[in-house]
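Engineer: have a look; sequence and predicted model below, questions after that.
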Amino acid sequence: MSNPLVQAFFVGRAVAEVINERVEVALTDALSELGKFDAEAREQLRQFTDEVITRANRAAETAGSGKTPGTTQTNAGSVDLQAEIDELRAEIALLRTELQKYRTSSK
């Protein structure tokens, strides 16, 4: 390696390889962290959704049975889930129409 031009070529090539490897490692780490963050966010959203649905079902059960909140239903199997869902959808539709009426009257 007496020729400085050849030596500069190999040094440049080695620098490019090292930079390429480090960028690859950094990108892999960043994508790994992003994937982990995405998975954790999805899990937290799933837990939040489950908790909201559980509380809504509990509130609907207490409202439908006439019990005060905090009391438990002894026969949980007697609740017709599809009927409960249909009632909730009807209530949502009613609330949407009332909200639409309110919005149009306030303009």
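Structural biologist: Looks like it came in fine.
Engineer: which elements pack onto the longest helix belonging to the chain?
Structural biologist: Identified as the longest helix of the chain according to DSSP state H is helix 4-65. Judged by 3 or more Cβ pairs under 8 Å, 6 or more residues apart in numbering; DSSP states H and E, the packing partners of helix 4-65 are helix 81-105. No exception for glycine: its C-beta is placed from N, CA and C like everyone else's.
Engineer: picking up where we left off before, and the longest helix of the chain with helix 81-105, angle?
Structural biologist: With axes from the mean of the first three to the mean of the last three Cα atoms, to 10 degrees as the basis, helix 4-65 and helix 81-105 are set at 100 degrees to each other.
Engineer: for helix 4-65, what is the average pLDDT?
Structural biologist: Mean pLDDT, helix 4-65: 92.
Engineer: burial check on Thr28, number of neighbours?
Structural biologist: 10 (other Cβ atoms under 10 Å).
Engineer: again, but for Val6
Structural biologist: 10.
Engineer: same question, Leu95
Structural biologist: Neighbours of Leu95 under the rule other Cβ under 10 Å: 10.
Engineer: any idea how far Arg89 is from it?
Structural biologist: With the distance defined as Cβ to Cβ, to the nearest Å, Leu95 ends up 11 Å from Arg89.
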